[in-house]
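A.B. asks: Task: produce atomic coordinates for the following.
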Amino acid sequence: MSLRYSDYSIEALKEEERRLKEELIKAEQHGLVSEVAILQRKLQMVISYTMFPGDFNVGQTYVFKDMPNQSFKVTKVKGVMAWGYRVGDHEESTKEEAIPISLLEHVKK
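C.D. replies: I've put the predicted structure just below:
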């Protein structure tokens, strides 16, 4: 029986992060596009579990780490997922979505 990431210790999460990064490099080297996407998503989730969800506040807007021109306005945080709306170029999406908190960072002032 396998454990869920929420059941892992911090040490186990760090080991899983290292293992996934190694697999990701191999998948990229072999051109396995689908495998790369899956491993990237797993890695995002593992990293989210090493973060503190309380650092993300409802009503606050954060930038995407890999898309600095696009922001995300948080409406709720549940576990390691932030729910909210994408914000970009003076307009806000009308579709609420959930994303791992590892994808977000505080706006630098």
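
A.B. asks: Can you report how many residues lie near residue 85?
C.D. replies: 16 (other C-beta atoms under 10 Å). From N, CA and C alone the C-beta is placed, and that goes for glycine too.

A.B. asks: For the remainder of this discussion, apply numbering that starts at 15.
C.D. replies: Renumbered: residue one is now 15, and that last one reads residue 99.

A.B. asks: is it fair to say it lies in a strand?
C.D. replies: Yes: counting by DSSP: H, G, I helix; E, B strand; the rest coil, residue 99 is found in a strand.

A.B. asks: Could I get the buried residue list for the lengthiest strand in the chain?
C.D. replies: Ranked by residue count under DSSP state E, the longest strand found in the chain is strand 81-92. Across strand 81-92, burial judged by 16 or more other C-beta atoms under 10 Å covers 85, 86, 87, 88, 91.

A.B. asks: Give me the distance from it to the chain's centre.
C.D. replies: A distance of 11 Å separates the centroid of the chain from that of strand 81-92, by C-alpha atoms, centre = their mean, to the nearest Å.
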